[in-house]
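Undergrad: Pasting the sequence and the predicted model now:
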Amino acid sequence: MSLENIVQVLGIVQLDCIQEVEVSCVWHLSTLAMFAPFLGQMSNIQRLHLSHIHGLAFEEEEEYHHAVQITSQFRRLYHLRDLYLETPSFLEGCLNQMLRCLMTPLDNLAIIHSLLTDSDLTHLSQCPNISQLKSLDLTGDLLTYANAERLSVLLEKVAGTLEKLDLNMCGISDFHLEAILPALSHCFQLKSFSMCGNLLSMAIMEKMLRHTSALPSLNKELYPVPQDSLLSRESINHRDLHSVGLNCLRF
């Protein structure tokens, strides 16, 4: 559909009745900014999904202006509960600009295939409107050694309500997992936990399983094949898995 037709459609629908919006186009940030006024009129929107929106360096004045045009509209979205951002290159290093415009607590947040900086994770953990998250998806967000502790702080923040956690393909190593295990152990509402596509040893996975076995609601766990095991099913000590009370395990 051409941009002209999209604008025409948005001009004839009753925007304050819309509850869900999904933009899955490979658009430049400036293109998305054209629709910012329409977004601000969707006062009853509950779910917003933006994917493949690209911007240039945030320091550039024009790109900053476009980002502000979009994120400032979040101040009008008093019913937003689910926010899904896929490949949001325009938010790299400036996530705080969006977070401080959120007006209500989110239930579900996904920021996937992004390059979250240390400051991004810090601002995320400090945002009051993510403290009641039920689902957090950071798939494809490569972690550094420096921000392992910040991820732990974030998990502590949402430990009381988090039911689903996805950390797939985040570049998580034994070091990262060791750092977040204490916080993960406090997520007593967690039902689903996935961290496929990361390089982990058998030793750290066994340690993790002993931590997660104390989580009463956890019934779905998806893990990568341990990097030091070529025959994962045979090399795992099934007696040890039984001892930690594991009911379901996938590699």
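TA: Structure's in. What do you need?
Undergrad: Can you show me the strands along the protein?
TA: 20-23, 27-28, 47-51, 53-54, 82-86, 108-112, 135-137, 164-166, 192-194, 220-222 (DSSP state E).
Undergrad: can I get those strands in a markdown table with distance to Thr212?
TA: C-beta here means a position set from N, CA and C on the backbone, and glycine is covered the same way. Putting these into a markdown table (distance: least, CB to CB, whole Å) gives the following:
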| stretch | distance to Thr212 |
| --- | --- |
| strand 20-23 | 33 |
| strand 27-28 | 40 |
| strand 47-51 | 29 |
| strand 53-54 | 35 |
| strand 82-86 | 26 |
| strand 108-112 | 21 |
| strand 135-137 | 16 |
| strand 164-166 | 11 |
| strand 192-194 | 7 |
| strand 220-222 | 7 |
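Undergrad: wait, which of those strands is closest to Leu154?
TA: Comparing these by their distance to Leu154 (CB to CB), the top pick is strand 135-137, with 8.0 Å.
Undergrad: counting contacts, what elements does that closest one pack onto?
TA: With contacts taken as 3 or more CB pairs under 8 Å, 6 or more residues apart in numbering; DSSP states H and E, strand 135-137 sits against strand 108-112, strand 164-166.
Undergrad: right, so of those, which gets closest to Leu142?
TA: strand 108-112 (11.4 Å).
Undergrad: Which positions in stretch 94-102 come out as buried?
TA: Using 16 or more other CB atoms under 10 Å as the burial criterion, the residues of stretch 94-102 that qualify are Cys94, Leu95, Asn96, Gln97, Met98, Leu99, Cys101, Leu102.
Undergrad: for stretch 11-22, same thing?
TA: For stretch 11-22, the buried set under the neighbour-count rule, 16+ other CB under 10 Å, comprises Leu15, Ile18, Val21.
Undergrad: What of stretch 38-46?
TA: Within stretch 38-46, the residues that qualify as buried are Phe38, Leu39, Gly40, Met42, Ile45, Gln46, counting by 16+ other CB under 10 Å.
Undergrad: Take those and lay them out in JSON lines including pLDDT and distance to Val158.
TA: Output for the buried residues of stretch 38-46, formatted as JSON lines (pLDDT from 0 to 100; distance: CB to CB, whole Å):
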{"residue": "Phe38", "pLDDT": "92", "distance to Val158": "31"}
{"residue": "Leu39", "pLDDT": "92", "distance to Val158": "26"}
{"residue": "Gly40", "pLDDT": "92", "distance to Val158": "28"}
{"residue": "Met42", "pLDDT": "95", "distance to Val158": "26"}
{"residue": "Ile45", "pLDDT": "96", "distance to Val158": "23"}
{"residue": "Gln46", "pLDDT": "97", "distance to Val158": "19"}
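Undergrad: quick revisit: in JSON lines: the strands of the chain, plus distance to Asp118 and mean pLDDT.
TA: As requested, the strands of the chain are arranged in JSON lines below (distance: least, CB to CB, whole Å; pLDDT from 0 to 100):
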{"stretch": "strand 20-23", "distance to Asp118": "28", "mean pLDDT": "92"}
{"stretch": "strand 27-28", "distance to Asp118": "27", "mean pLDDT": "79"}
{"stretch": "strand 47-51", "distance to Asp118": "23", "mean pLDDT": "92"}
{"stretch": "strand 53-54", "distance to Asp118": "23", "mean pLDDT": "70"}
{"stretch": "strand 82-86", "distance to Asp118": "19", "mean pLDDT": "94"}
{"stretch": "strand 108-112", "distance to Asp118": "15", "mean pLDDT": "95"}
{"stretch": "strand 135-137", "distance to Asp118": "18", "mean pLDDT": "98"}
{"stretch": "strand 164-166", "distance to Asp118": "20", "mean pLDDT": "98"}
{"stretch": "strand 192-194", "distance to Asp118": "24", "mean pLDDT": "97"}
{"stretch": "strand 220-222", "distance to Asp118": "27", "mean pLDDT": "93"}
